[in-house]
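> this is the structure alone, sequence omitted:
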Ligand code: ADP
Ligand code: MG
């Protein structure tokens, strides 16, 4: 039933509703309240509790304009000797006049402590003389809405949809398997929806909002299943085109391994074989490799590249920043050029001539491995035979960008994709956010790495810290000094780093101080990095651009300014820049006192653990998925009733449930339409 069939819904309103993903009348039924208000009873003024919403009645005792920075209207009301203030910042003259002494008023709003006792700011109100207005006979649901549709209007529309259901002009299909309904003793769909839209009077609102009642559980399960089904659809879609089966020619891989100055860790070997099992099939690989900073993901990627090159396929290695791309270029050239492989560089900032040469080599196939940034999937790039994409730090790219690269494969051909991330993602989160990918984890660091010693320091000890850096540099070691986001503007951020570099340069006699930040020209950045790597610069002051990819084993001291402002995952990544050599490494997290309890707790986790997965799991609990995945990805998951942290324990079962839908494609369609709708970000593009 189209939404325009509802009374009063014309094309204009329908367009606005579409923005909320509401197209069918049925969709309205699954648009669930965010919160509830209790307007079913009046709270006596003497029983008000601050910071919660109340419905109150009272008699106006005074009304006066108050002059401050701007004029406000203050009305006092009383009831049986108890008082409450009402405050209005925006009001009309007529409105002000209407608050005459002695009149009765009913208000609804949040009660807060004010300068003269409890008050409501801009309450909803209704004046009355003798008979108080009627009370609501049920809790008032508050729905999420969008510009141009009021909360009241959307509530009315849902009410209309509900009537259609009750009068059986609308039918909602049971889409859960009987087995699940029995196991959890779930209420029917209609009764679940009723309990959520129109809870009974007397229900505890706080419980209703926070607890998973059987009614809610039912919808949570539906949503999670719909979500998983969407992900497996996306995967099927990716794999709907064949990809070249990359045979085990072995030659290049073996040569590559033999010339490495180290042997692979067990974890690297395991992940390598997982990748090889994928690419030897005539279906595109879509695999994510997670591995803590320094776990050696690049070597594994190079092994995959060898296999592709051996089979006559081109490889694109995509990195989010120039620094990181350059690092890969350096490694791949160093490892593979001696074996006769041609590695080509392509970025947006390249000069015309080298760029033209690169594009030609990519088009005629002489470029076997192409390394670069976003330039790799621009329109102007044509590959002769792209067979494998390696995408580093995949959370920096959107799904859309991955698809752009896939489109560069030969016509009617899929692309093997290896995405790598140093952000450890807790299993439950990975299942939800990246359920369309297979996962491998490099859960072992190369041997000989000493755990980094981490210390929290109050900023007042700055002078000691500077002295410590001085000593380290004087004894031939190198150090990083990180200036994180203090200002939201990138310009100011870079200026802060510039100031710090200047100051440290003055204070640290005989130490060469270098500076990198996001606004430096690529060539300048590269030069500073090269100097740092060569040991000509002892102290590198940097913004968080340094976070990924920098590998200087002689640097074993890191200072992070204002550590309390950064996320745990990011701090852990930054810290991973040290601890790469033989010497003991140290990381000093400096904070600005006072530190909140949660701030202290978070930094303590970093001090106590060097394990990225442990840190990510804690971060997920403390700050939610946005912190671990980045808000874009977390937002893209777009769950409505389910909560990834609260409901994580349901995921394994939900995942296994999806297989029962394989023989019911129609139910699958309906469930996806109901819960994911046109928000199918995973398969879009
Ligand atoms: P990341 O997973 O952070 O991308 P890299 O691939 O950059 O890690 O590897 C970090 C460092 O460890 C590099 O200097 C690399 O050469 C080295 N490395 C990788 N694998 C091993 C290994 N098995 N044994 C010793 N060193 C290794
Ligand atoms: Mg790396």
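Yep, it's here. Just so you know, these numbers come straight off a predicted model, no measurement behind them. Ligands and ions are numbered 1, 2, ... in the order given.

> please enumerate the helices of the stretch 1-150 of the chain.
In chain order, the stretch 1-150 of the chain shows helices spanning 11-19, 25-29, 93-98, with DSSP state H, counting those that start in this stretch as the criterion.

> mind checking which of those is nearest residue 261?
Counting by Cβ to Cβ, residue 261 lies closest to helix 11-19 out of those; the figure is 56.9 Å. In short, each C-beta sits where N, CA and C put it, glycine included.

> relative to the whole chain's centre, how far out is the closest one?
Mean-position distance between helix 11-19 and its chain equals 28 Å (Cα atoms, centre = their mean, to the nearest Å).

> circling back to that earlier point, and among the helices of the stretch 1-150 of the chain, the most buried is which?
helix 25-29 (a mean of 22; mean count of other Cβ atoms under 10 Å).

> what's around the residue of the stretch 551-685 of the chain found nearest ligand 1, how many residues?
With distances taken as Cβ to the nearest ligand atom, the stretch 551-685 of the chain approaches ligand 1 most closely at residue 551, which sits 5.0 Å away. The burial metric for residue 551, expressed as a neighbour count using other Cβ atoms under 10 Å, is 15.

> Three-state assignment for it, please.
Each residue gets one of three states, and residue 551 gets coil by DSSP: H, G, I helix; E, B strand; the rest coil.

> how many neighbours does whichever residue of the stretch 351-500 of the chain sits closest to ligand 1 have?
Nearest residue of the stretch 351-500 of the chain to ligand 1, counting by Cβ to the nearest ligand atom: residue 446, 3.3 Å away. By other Cβ under 10 Å, 16 other residues sit near residue 446.

> list the contacts for it?
Neighbouring residues of residue 446 by Cβ atoms under 8 Å, 6 or more residues apart in numbering: 262, 265, 294-296.

> which among these are in contact with ligand 1?
262, 265, 294-296 (Cβ under 6 Å from any ligand atom).

> quick one, strands of the stretch 451-600 of the chain?
Under the criterion DSSP state E, counting those that start in this stretch, the stretch 451-600 of the chain contains strands at 453-458, 478-482, 513-516, 539-542, 555-560, 586-591.

> deepest-packed of these, please.
Using mean count of other Cβ under 10 Å, the stretch among the strands of the stretch 451-600 of the chain with the greatest mean number of neighbours is strand 539-542 (a mean of 27).

> poorly predicted segments of the protein, please.
With pLDDT under 70 as the threshold, the chain has low-confidence stretches at 394-396, 398-399, 485-494, 547-550, 625-638, 678-685.

> re the thing from before, most neighbours, which of the ones next to ligand 1 among the contacts of residue 446?
Counting neighbours by other Cβ under 10 Å, residue 295 leads those with 26 neighbours.

> list the contacts for the nearest residue to it once chain neighbours are set aside?
Taking Cβ to Cβ, 6 or more residues apart in numbering as the measure, residue 295 lies nearest to residue 442, with 4.3 Å between them; neighbours along the chain are not counted. For residue 442, the set of contacting residues under the criterion of Cβ under 8 Å, 6+ apart consists of 265, 267-268, 271, 289-292, 295-297, 300.

> how about residue 45?
56, 58, 77-80, 82-84.

> likewise residue 480?
In this structure, residue 480 makes contact with 539-542, 546, 555, 557-559, 577-578, judged by Cβ under 8 Å, 6+ apart.

> what about 10 Å?
Neighbour list for residue 480: 469, 532, 539-542, 546, 550, 552, 555-560, 574-575, 577-578, 587 [criterion: Cβ atoms under 10 Å, 6 or more residues apart in numbering].

> tell me, how many residues neighbour residue 324?
The local packing of residue 324 (other Cβ under 10 Å) involves 20 other residues.

> A helix includes it, no?
Yes - under three-state DSSP, residue 324 falls within a helix.

> just checking, it touches residue 347?
No - using Cβ atoms under 10 Å, residue 324 makes no contact with residue 347, being 11.3 Å away.

> anything in contact with each of the two?
With Cβ under 10 Å, 6+ apart applied, the overlap between the contact sets of residue 324 and residue 347 consists of residue 373.

> buried residues, the longest strand along the chain. List them.
The strand that spans the most residues within the chain, counting by DSSP state E, is strand 53-66. Within strand 53-66, the residues that qualify as buried by neighbour count (16 or more other Cβ atoms under 10 Å) are 53-58, 60, 63.

> partners of it in the sheet?
The sheet places strand 53-66 alongside strand 72-79 (antiparallel), strand 104-114 (antiparallel), with pairing taken from DSSP bridges.

> coming back round to it: going through the contacts of residue 442, which ones are buried?
265, 267-268, 271, 289-292, 295-297, 300.

> tell me which two of those residues sit farthest apart.
Pairwise over the buried ones among the contacts of residue 442, using Cβ to Cβ, the maximum falls at 265 and 290, 14.7 Å.

> let me have the contacts of residue 442 in JSON lines, extended by distance to residue 21.
Conversion of the contacts of residue 442 to JSON lines gives the following (distance: Cβ to Cβ, whole Å):
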{"residue": "265", "distance to residue 21": "46"}
{"residue": "267", "distance to residue 21": "42"}
{"residue": "268", "distance to residue 21": "43"}
{"residue": "271", "distance to residue 21": "38"}
{"residue": "289", "distance to residue 21": "34"}
{"residue": "290", "distance to residue 21": "31"}
{"residue": "291", "distance to residue 21": "36"}
{"residue": "292", "distance to residue 21": "38"}
{"residue": "295", "distance to residue 21": "40"}
{"residue": "296", "distance to residue 21": "43"}
{"residue": "297", "distance to residue 21": "37"}
{"residue": "300", "distance to residue 21": "40"}
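
> please report the distance of the closest residue in space to residue 528 that isn't next to it in sequence from residue 40.
Nearest residue to residue 528 in three dimensions, chain neighbours excluded: residue 514, at 4.6 Å (Cβ to Cβ, 6+ apart). When distance is defined by Cβ to Cβ, to the nearest Å, residue 514 is 67 Å away from residue 40.

> what's the answer for residue 338, then?
Per Cβ to Cβ, residue 338 is found 79 Å from residue 40.

> which of these two has more neighbours?
Neighbours around residue 338 and residue 40, counted as other Cβ under 10 Å, are more numerous at residue 40. The numbers are 15 against 11.

> distance check, that one against residue 205.
Here residue 40 is placed at a distance of 11 Å from residue 205 (Cβ to Cβ).

> overlap in contacts, the two.
Residues touching both residue 40 and residue 205 by Cβ under 10 Å, 6+ apart: residue 139.

> where do the strands sit along the stretch 101-250 of the chain?
104-114, 117-121, 124-128, 140-142.

> give the other helices and strands that the third one contacts.
Using 3 or more Cβ pairs under 10 Å, 6 or more residues apart in numbering; DSSP states H and E, the elements in contact with strand 124-128 are strand 53-66, helix 93-98, strand 104-114.
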